[in-house]
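Peer 1: Build the 3D model from these lines:
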Amino acid sequence: MWWDKELRITGKFDVDADVVLYLGDTLDLLKQIPDKTAGLVVTSPPYNIGKPYEKRLNLPEYIEQQEKVIKESIRITKDDGSICWQIGNYVENGSIIPLDILLYPIFDRFGLKLRNRIVWHFGHGLHAQRRFSGRYEVILWFTKSENYVFNLDAVRVPQKYPTKKYYKGPKKGDLSCHPLGKNPTDVWAIPNVKSNHPEKTIHPCQFPVELIERLVLALTNPGDWVIDPFIGVGSTAIAAILHGRKAAGADIIEEYIKIARQRIELLLRGKLKLRPMGKPIYEPKHLRMETERGLFDYLEGGKDEKSL
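Peer 2: Numbering: from 1, shown residues only. Coordinates of the predicted model:
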């Protein structure tokens, strides 16, 4: 691993550090970071729903607060870098307000280009009684310029038919798909961190390391800085360290910063429990059997229709 040397972890930003875990307001950390430092700024900001780590604000105040963080994030991002905002819904009086719709105009006003609105689909969450239960959130991926880092080969996923070949024409007999796999598309099925997840800590809204790993690999190069303005228990830092990047982030809760540091130390000793990137999502046997039975019945029905 690249961290065979001892990593330098500091409590305030230092360009010579490997990891920065800042206890305090994120704007205080961001102001310490020089212009055009980060290859990637990625975060999941508070959703303004009254979690322990946030003060619930009225909506205009919340948007104003987010704009300040976004403005600083743009300043510290390199010209070929990216900014990813992972967000869900704000709920007011039972009405859903998608935060990506509210925040997109801020990025647009600052001249950023939206490259993808990635849908993060997960199988577990709160159950609703008067609407369909929510099972996705989004990641808005922006760039500062037309010349940006995008390492698609680093995040390709297995082909459905890896041995499929051209059956005619000048390429007849050659593989018709990319040998490294296919584009993962903009819909990502990755389990969220609930009670039985190996990465679970006390944080109520922890996102999985796997989610950030894909962004780190695709949107940065080794040695780049990955900055998370709301770092929580350090999942972004872990994803960055795993792939040879530097990481910095802030949180106002001391216990979260302590846990982030403990998790990093466990990672460096090879003892941190992680869900491997790309691991298939578990599906109970009875559901697999139902799926297979339904597919068989469908195919058999198709054959009967053709024979008529």
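
Peer 1: buried ones in stretch 257-270?
Peer 2: Neighbour-count burial for stretch 257-270 flags 257, 259-261, 263-264, 267-268 (criterion: 16 or more other Cβ atoms under 10 Å). (Each C-beta comes from the backbone N, C-alpha and C, glycine too.)

Peer 1: Do you have the strands of the stretch 201-308 of the chain handy? List them.
Peer 2: Secondary structure of the stretch 201-308 of the chain, counting by DSSP state E, counting those that start in this stretch: strands at 225-228, 246-251.

Peer 1: Reformat those strands as CSV; add distance to Glu146 and mean pLDDT.
Peer 2: Converted to CSV, the strands of the stretch 201-308 of the chain look like this (distance: least, Cβ to Cβ, whole Å; pLDDT from 0 to 100):
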stretch, distance to Glu146, mean pLDDT
strand 225-228, 22, 98
strand 246-251, 26, 98
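
Peer 1: so which of those gets nearest Asp28?
Peer 2: Nearest to Asp28, of all the strands of the stretch 201-308 of the chain, is strand 246-251, at 7.3 Å by Cβ to Cβ.

Peer 1: What strands flank that closest one, and is each parallel or antiparallel?
Peer 2: Using DSSP bridges, strand 246-251 pairs in its sheet with strand 19-23 (parallel), strand 225-228 (parallel).

Peer 1: Residues contacting the shortest one, please?
Peer 2: In this structure, residues lying in contact with strand 225-228 by Cβ atoms under 8 Å, 6 or more residues apart in numbering are 30, 33, 37-43, 73, 76, 216, 220, 236-237, 239-240, 245-249.

Peer 1: From the chain's centroid, how far away is it?
Peer 2: 13 Å (Cα atoms, centre = their mean, to the nearest Å).

Peer 1: The residue nearest to Lys160 when sequence neighbours are not counted: what's it in contact with?
Peer 2: Once flanking residues are discounted, Lys160 sits nearest to Lys182: 7.8 Å by Cβ to Cβ, 6 or more residues apart in numbering. Lys182 makes contacts with 156-160, as judged by Cβ under 8 Å, 6+ apart.

Peer 1: Just give me the closest of the residues you listed to Gly169.
Peer 2: Nearest to Gly169 among the contacts of Lys182, counting by Cβ to Cβ, is Gln159 at 19.9 Å.

Peer 1: if we can go back for a sec, tell me what the residue nearest to Lys160 is bridged to.
Peer 2: Beta-bridge partners recorded for Lys182 (DSSP bridges): Val157.

Peer 1: Quick one: mean pLDDT for stretch 158-168?
Peer 2: Averaging pLDDT along stretch 158-168 gives 85.

Peer 1: what sits up against it?
Peer 2: By Cβ under 8 Å, 6+ apart, the list of residues contacting stretch 158-168 from outside reads 172-178, 181-182.

Peer 1: In those, which residue is surrounded by the most others?
Peer 2: In terms of neighbour count, Gly181 stands highest of those at 16 neighbours, by other Cβ atoms under 10 Å.

Peer 1: Now do the helices in this protein.
Peer 2: Remark: helices assigned in the chain by DSSP state H are 26-30, 59-76, 99-109, 209-219, 235-242, 254-268, 285-307.

Peer 1: Pick the most buried one from those.
Peer 2: helix 235-242 (a mean of 27; mean count of other Cβ atoms under 10 Å).

Peer 1: what is the rounded mean pLDDT of that helix?
Peer 2: The average of the pLDDT scores along helix 235-242 is 97.
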